[in-house]
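J.: Give me a 3D structure for the following:
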Amino acid sequence: MHFFRRYLSALLFVAAAVGCGAALPAAPAWAHVTPQNVVIEGSTHTNAATIRSYFSGTDQASVNRAVADLSATGMFSKVSAKIVDGKVIVSVEEASQVINRVAFEGNNNLKGDQLAVEVQS
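T.: This is a model prediction of the structure:
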């Protein structure tokens with residue numbers, strides 16, 4: 001009886017160890033993004049921390065989602081990313097800036113139409 005009890009507890013221990021190992025995801029799927037994990041190339045006007053905030057992981061699904069979200073902002077004309085040695089290399093090209101509206105304030109002596117003739121972008 002003592003032998004059977006020892007055999008049964010060893011068998012349960014092995015089953016529990018194998019079951020727990022199979023339930024864990026692969027390491028890259030739950031790896032956290034740090035500033036050292038995300039390298040930004042090509043950004044001049046946008047803060048690198050802003051771009052890094054879109055990346056939640058270093059697995060391919062997270063990177064693809066972040067690239068789609070960055071493209072949807074309209075701040076960049078081209079966004080691409082690749083995973084190299086556990087790091088995410090992000091390449092961005094900024095979109096050309098468009099002036100939507102110019103407002104003249106505090107001008108008592110000149111009309112806005114007169115000032116608009118003199119303004120160039």
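
J.: any weak-confidence spans in this protein?
T.: 1-32, 43, 97-98, 121 (pLDDT under 70).

J.: Do a quick rundown of the strands in it.
T.: For the chain, applying DSSP state E gives strands covering 38-41, 76-84, 87-94.

J.: partner strands of the last one, parallel or antiparallel?
T.: For strand 87-94, the pairing partners within the sheet under DSSP bridges are strand 38-41 (parallel), strand 76-84 (antiparallel).

J.: okay, those, which one's buried deepest?
T.: Counting by mean count of other C-beta atoms under 10 Å, strand 38-41 has the highest mean neighbour count of the strands paired with strand 87-94, with a mean of 17. The C-beta positions use only the backbone N, C-alpha and C, and glycine is treated the same way.

J.: Tabulate the CA atom coordinates of it in PDB.
T.: Taking C-alpha atoms only, strand 38-41 is exported to PDB below (Å, rounded to 0.1, in the frame of the first residue of the first chain):
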ATOM      1  CA  VAL A  38      11.800  49.200 -29.800                       C
ATOM      2  CA  VAL A  39      14.200  51.100 -32.100                       C
ATOM      3  CA  ILE A  40      12.700  54.100 -34.000                       C
ATOM      4  CA  GLU A  41      14.100  55.000 -37.400                       C
END
